[in-house]
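Colleague: Please find the sequence and the predicted model below.
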Amino acid sequence: MSFTVVNIEYEGSKVWTPGTLVVKKDTLVKLKLVNKVPSDPNQHGFAIPAYNIAEVVTRGETKSDRVQGRQAGVFPIICQLHPAHVGGELVVLP
């Protein structure tokens, strides 16, 4: 399974979209992260702390990562560089 997750600016808020990623337990997920925020700063974070994922994505660049939901639950997705930015969640279904 794969997701392309894009960082955008909407009405002044920086968000990763889609904001909710839903996967089944034990599914290997490929993440493609793209930063398209036109305003400064030019770097934004994408982190899923429960899975030790923490990427810094520079505007115009693409990063890739993988995650495998080994436990059912809801896990926050945050910008580790800018805590005020809108986060999301990884939902792992049983």
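Modeller: That came through fine.

Colleague: for this protein, what helix or strand is lowest in average pLDDT?
Modeller: strand 13-17 (a mean of 90; mean pLDDT, DSSP states H and E).

Colleague: contact partners of it?
Modeller: In this structure, residues lying in contact with strand 13-17 by C-beta atoms under 8 Å, 6 or more residues apart in numbering are 5-9, 33, 37, 44, 46, 77, 79, 82, 85-88. Just so you know, the C-beta spots here come from the backbone N, C-alpha and C atoms, and that holds for glycine as well.

Colleague: what bits of the chain have low per-residue confidence?
Modeller: Nowhere does the chain drop to pLDDT under 70.

Colleague: what residue is smack in the middle of this structure?
Modeller: In the chain, the centroid-proximal residue (C-alpha atoms, centre = their mean) is residue 46; its distance is 4.5 Å.

Colleague: gap between the one helix or strand it maps to and the chain center?
Modeller: For residue 46, the host element (DSSP states H and E) is strand 43-48. Offset of strand 43-48 from its chain centre (C-alpha atoms, centre = their mean, to the nearest Å): 7 Å.

Colleague: what does stretch 81-94 give?
Modeller: On C-alpha atoms, centre = their mean, the centre of stretch 81-94 falls 7 Å from that of its chain.

Colleague: try stretch 63-72
Modeller: 11 Å.

Colleague: Give me the neighbour count for residue 72.
Modeller: Residues near residue 72, counting by other C-beta atoms under 10 Å, number 12.

Colleague: Use 129 as the first number from now on
Modeller: Okay, residue one is now 129; in that scheme the one you just asked about reads as residue 200.

Colleague: right, and it touches residue 222 too?
Modeller: Yes: applying C-beta atoms under 8 Å, one finds residue 200 in contact with residue 222, separated by 4.4 Å.

Colleague: Need the overlap of contacts for the two.
Modeller: residue 153.

Colleague: buried stuff in the helix or strand following the strand holding residue 174?
Modeller: Once the chain leaves strand 171-176, the next helix or strand it forms, by DSSP H and E, is strand 181-186. The neighbour-count check on strand 181-186 (16 or more other C-beta atoms under 10 Å) flags 181, 183, 184, 185 as buried.
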